[in-house]
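Chemist: Next come a sequence and a model predicted from it.
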Amino acid sequence: MDWGRTQFFWAEVAQNFTRNAAMALTAIGTVAISIVVLGVFLFARSSFNLLLNNVVNKVDIAVYLKDEATPADIDTMMRQLRADPRVDNVRFVSKQEALETLRKRLAGQVNLGLINVNPLPNSFVVHTIDPGDVPPLAGELQAKPQVAFVNYGSKVTEKLLVIRRVLGTIGLGVIVLLLVATALIIYNTIRLTVFARQREITIMQLVGATNWTIRWPFVFEGLLTGLAGGLIGLLVLWPAYQTLAPKLTLNLPFLPLNLADVSVGHIALELVLVGAVVGMLASWLSVSRYLRPA
Amino acid sequence: MDWGRTQFFWAEVAQNFTRNAAMALTAIGTVAISIVVLGVFLFARSSFNLLLNNVVNKVDIAVYLKDEATPADIDTMMRQLRADPRVDNVRFVSKQEALETLRKRLAGQVNLGLINVNPLPNSFVVHTIDPGDVPPLAGELQAKPQVAFVNYGSKVTEKLLVIRRVLGTIGLGVIVLLLVATALIIYNTIRLTVFARQREITIMQLVGATNWTIRWPFVFEGLLTGLAGGLIGLLVLWPAYQTLAPKLTLNLPFLPLNLADVSVGHIALELVLVGAVVGMLASWLSVSRYLRPA
Amino acid sequence: MIVFEDVSLVYPNGVHALSNISLNVARGEFLFLVGSTGQGKSSVLKCIYREACPTSGDVVVDDWRLSTLPHGKVPFLRRKVGVVFQDFKLLRGKTVWENVAYALQVTGATSRDVARRVPRALELVGIAHKSKMFPHELSGGEQQRTAIARSLVNNPLIMLCDEPTGNLDPETSSEIMALLARINSKGTTVVVATHNQASVDRMRRRVVRLVHGRIAHDEERGRYHVGLG
Amino acid sequence: MIVFEDVSLVYPNGVHALSNISLNVARGEFLFLVGSTGQGKSSVLKCIYREACPTSGDVVVDDWRLSTLPHGKVPFLRRKVGVVFQDFKLLRGKTVWENVAYALQVTGATSRDVARRVPRALELVGIAHKSKMFPHELSGGEQQRTAIARSLVNNPLIMLCDEPTGNLDPETSSEIMALLARINSKGTTVVVATHNQASVDRMRRRVVRLVHGRIAHDEERGRYHVGLG
Ligand SMILES: Nc1ncnc2c1ncn2[C@@H]1O[C@H](COP(=O)(O)OP(=O)(O)OP(=O)(O)O)[C@@H](O)[C@H]1O
Ligand SMILES: Nc1ncnc2c1ncn2[C@@H]1O[C@H](COP(=O)(O)OP(=O)(O)OP(=O)(O)O)[C@@H](O)[C@H]1O
Ligand SMILES: [Mg+2]
Ligand SMILES: [Mg+2]
């Protein structure tokens, strides 16, 4: 591209924007709105996934040992568990420790004087790296001769795992729906702006412009519209995030939700990219429709 | 309105649709997409609220009685509780019943032979109508002389109540955001379709049409665009709901989520109304912009 | 019927289109506006149907003083005035029939009236055979005749014709001019802005020549070249 | 240069615009297309720059057989042919200068070329003083002259002018016709569809009369009314 053509190209793009300002602004506005909605949901989904993972992560396996198990047995088992790649950490809870805990828990509810023999066994508390490993590992441990009983709140854990899976699928579905909706809305919007310039496109063809000469400025305009919409969307989202996120953490201090872990920068980049790419493609497709030979 | 004018009006509306079919369809498409997104979230929000209410509703107050309390005392208290308007139902759990339950719960974990005295008290299990009444009622009961100890998992309950409040606020915020976004997107879309007919509007004015003569067909067209978009949106949402809702219930059988309780009809009505009203207003505003005296 | 009182018109871009025009067109008069291109003929007409508002001075049309005419009355002014626009200004989404009918329908005419008067207008200008076509399916002259039919369909008090024969052959031009004369003879005031020397010279009506937005010459029974060397 | 081989054109709406037209326009010829309104003048021109494709027969332009011309080549055909459209077809978002420049820029002209040739074209038709105006700020004649400037700015092989003087006064019309004659004398083939009897009669060039889409008369050094009673 020589200098004259580059200049021509940019002048065309600039004219499309400034001389159809109302239309260009309307399109940018629509893109910005779609991007804001998309951004809120990308953020909500990330936070929710984080929260769910943290909750599921709290699941432990309690391994109650038979009273017959010798300290040596316990030691061996402890080392085996520590060596297991699935295991995050292991803690030994002695009979005495367990009774103390129970006493504290029942204080006030129960006549503690009545508990004078220790009915509780020794136990391990095992935490896995991936909560999905909890059920199989619990099964293996149950099979060991020294183990009396394994408890990992199997029902709750399995429920949590199912919930994580189902909500993960729903979340993905919703994001896909929103992405498609955003793309279609941007496409339709840009289609309408091109529609209004149908006559202009025909004239350009009649005075000898090739399809590419006509198309490029439109495509670039679509790109800029998408980009501008995306950036404006971010300009709305950013202060909202800055003010609302701390409030959320403040109101739900007990939830294992660390919003700082949500990769906001990543989401922002995605949003601007979505705007720009969809804007460009939308222009391309819309213009091409009017460039087809009659 | 005489017959000639009515005919004229309808012919205008019909012409706008059929002779700008591509544009009309694009606008209807955009409305439909926005309505689908809005619909998914109205449904998600209703389901989620329902779920959260059901979970919070599971909160009970356990009232442990002193061993000194006579059967007469217990009877009086029972009657008082039943008469309390905040109380949904009350169940009496005797020492023996409590021990049975504990035995069952600890079976396998604990050497049951060691438990030969009953350390557990008599108790009431109280369920309130509004979970918000749990903390104050628990406080009142604690003050009674016959009561040893009141337990309602105070921490969990308070957390659940906070979560319900916070998520309720977020849900409302999101719905408002979506409503505003949907409205603006529909407005912008219709604005663009009117934009493309700016020249036509000017000509109509020049041949002596009053602003109302020009405006009415546009307003009605906007109404129909919104209505059509809303109905198409429903046509997409309905089968999706029919196939996905049962799957959801099937995958999460343990959640207290009865999707049949979500008022789907109500949501559908809202969606179509939003489409129609916003479409109409959008046309009105858009046309008025071009009807202002130069 | 139409009075220009020292009218000047400066467009927003700073072009002085009209300067101190004073003109009096009596009821039932037939007036040719001539002048080479860009001298202000269309601008004079625009001031009458109020597409343009004089920057100074005032225009009175049928006792309506336009500077004080409320916006709501403008459509009613325009119904008194049938205009053939230089660029036709046909509604592209409507057929020939519908374009002509529209000007009638907006006045609240009954459908019976519409069904009676539209075909008559189309016949008058010889475009009835194309009544179901859309403007883009018409030749230039056919579009022009549609515009003429629309301007006269509701029997306006005043007809303003801006270059009504620019796309018509000499024979059709003569017919259209004859039609305008006939309409004029029934009492309608007619103002025609034109470059059509032959018609002006043949008809010998009042001719006003504009030069640089001023009235350079005004002659009863004039010729096209009146006021030129 | 331009050869019509038994060309017929039926528009999608069923109108028979052209029937068995055979015509040969030599390189460097000057031809008037006349005929009353709706007889097919514009349709003939449309077949040359390929806005319309003949339903049967074929058109050859500068050795390009249009029926087999690939779509990608059409823009290059149109760069050889400068067209003054009957309805001007100016780009409303561009100023006079930009409208004229556009036809040059799309051919890949350097900005130096553009800066040199656009003002010259504007001077030629006498519209240079309005170069920064947008089409809607121009009078009818000024728009027409802009359209003429655009058609000649890139020195086309062929110029097609559809009613190029319909909005111009007789003096400007003569100037434009003289300009076309001058362009023609440098070797450009010129075809003018017109109703301007005075110009046709004055210039005495080849005149082709269309009646109902057929060639009714074809005469060297003809007059406007050739072939009519
Ligand atoms: N809307 C407008 N905005 C700015 N300037 C205008 C506008 N319309 C016309 N002009 C300018 O005002 C002057 C008079 O224009 P007008 O259209 O009245 O001329 P005209 O006599 O009708 O010419 P023609 O015979 O070419 O139609 C011209 O210089 C023109 O450029
Ligand atoms: N795009 C079109 N679609 C359908 N019919 C058309 C189209 N363009 C022109 N026609 C018809 O074809 C015939 C010839 O039209 P054309 O435009 O060639 O006439 P013309 O000789 O240029 O007339 P004028 O002098 O009025 O410009 C007319 O009857 C017209 O109605
Ligand atoms: Mg004019
Ligand atoms: Mg023509």
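Modeler: Ah, there it is. Ligands and ions are numbered 1, 2, ... in the order given.

Chemist: so how far is stretch C:78-98 from its chain's centroid?
Modeler: When distances are taken as Cα atoms, centre = their mean, to the nearest Å, stretch C:78-98 is centred 11 Å away from the chain's centroid.

Chemist: which parts of that stretch are buried?
Modeler: C:78-91, C:93-98 (16 or more other Cβ atoms under 10 Å in any protein chain shown). C-beta: built from backbone N, CA, C; applies to glycine.

Chemist: ok, which of these also contact chain B?
Modeler: Restricting the buried residues of stretch C:78-98 to those near chain B by Cβ under 8 Å from any Cβ of the partner chain leaves C:78-79, C:83, C:85, C:89-91, C:93-94, C:98.

Chemist: related to what we said a few turns ago, can you flag which of the buried residues of stretch C:78-98 belong to helices?
Modeler: When the buried residues of stretch C:78-98 are checked against helices (DSSP state H), the matches are C:78-80, C:96-98.

Chemist: Which single one of the residues you listed is nearest to A:F218?
Modeler: C:E98 (32.7 Å; Cβ to Cβ).

Chemist: In contact with that closest one, which residues?
Modeler: Contacts for C:E98 were tallied using Cβ atoms under 8 Å, 6 or more residues apart in numbering or on different chains; they are B:15, C:91.

Chemist: Could you tell me how many residues sit around residue 76?
Modeler: Answering for chain A, as no chain was given. By other Cβ atoms under 10 Å in any protein chain shown, 13 other residues sit near A:T76.

Chemist: nope, chain C please
Modeler: Quick note: C:F76 (other Cβ under 10 Å) scores 13 neighbours.

Chemist: So what touches the helix or strand harbouring it?
Modeler: Take DSSP states H and E as the rule and C:F76 turns out to sit in helix C:74-80. Contacting residues not belonging to helix C:74-80 are listed as B:205-211, B:213, B:293, C:49-50, C:61-62, C:64, C:66, C:69, C:106-107, C:154, C:156-158 [Cβ under 8 Å, 6+ apart].

Chemist: So the residue nearest the centre of chain C, which state does it fall into?
Modeler: Against the mean C-alpha coordinate of chain C, by Cα atoms, centre = their mean, the closest residue is C:L160 at 1.8 Å. Going by DSSP: H, G, I helix; E, B strand; the rest coil, the secondary structure assigned to C:L160 is strand.

Chemist: So what's the residue count around the closest residue to C:A26 other than its chain neighbours?
Modeler: Nearest residue to C:A26, sequence neighbours excluded (Cβ to Cβ, 6 or more residues apart in numbering or on different chains): C:M1, at 6.0 Å. The local packing of C:M1 (other Cβ under 10 Å) involves 19 other residues.

Chemist: Pull up the gap between C:H225 and C:A17, please.
Modeler: Here C:H225 is placed at a distance of 23 Å from C:A17 (Cβ to Cβ, to the nearest Å).

Chemist: now swap in C:I215 and tell me
Modeler: 13 Å.

Chemist: Compare the two (neighbour count), which wins?
Modeler: C:A17 (24 against 21).

Chemist: and the more buried one, that one's in a helix?
Modeler: No: assignment of C:A17 by three-state DSSP gives strand, placing it outside any helix.

Chemist: residue contacts, it?
Modeler: By Cβ under 8 Å, 6+ apart, the neighbours of C:A17 are C:9-11, C:40, C:43, C:52, C:213.

Chemist: now do 6 Å
Modeler: C:9, C:11, C:40, C:43, C:213 (Cβ atoms under 6 Å, 6 or more residues apart in numbering or on different chains).

Chemist: any chance of the residues you listed in CSV, plus pLDDT, neighbour count and secondary structure?
Modeler: Output for the contacts of C:A17, formatted as CSV (pLDDT from 0 to 100; neighbours: other Cβ atoms under 10 Å in any protein chain shown; DSSP: H, G, I helix; E, B strand; the rest coil):
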residue, pLDDT, neighbour count, secondary structure
C:L9, 97, 22, strand
C:Y11, 96, 14, coil
C:G40, 95, 26, coil
C:S43, 97, 24, helix
C:G213, 95, 23, coil
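
Chemist: Closest one of those residues to C:E219?
Modeler: Distances from C:E219 to the contacts of C:A17, taken by Cβ to Cβ, are shortest for C:G40, at 17.9 Å.

Chemist: pretty sure the closest one is touching C:L18, no?
Modeler: Yes: using Cβ atoms under 6 Å, C:G40 is in contact with C:L18, at 5.1 Å.

Chemist: Need the residues touching each of these two.
Modeler: In contact with both C:G40 and C:L18: C:G213, using Cβ under 6 Å, 6+ apart.

Chemist: how about the helices in chain A?
Modeler: Under DSSP H, chain A gives helices at A:3-19, A:21-57, A:71-83, A:95-106, A:134-142, A:154-195, A:198-206, A:211-251, A:264-291.

Chemist: Thanks a lot, see you next time.
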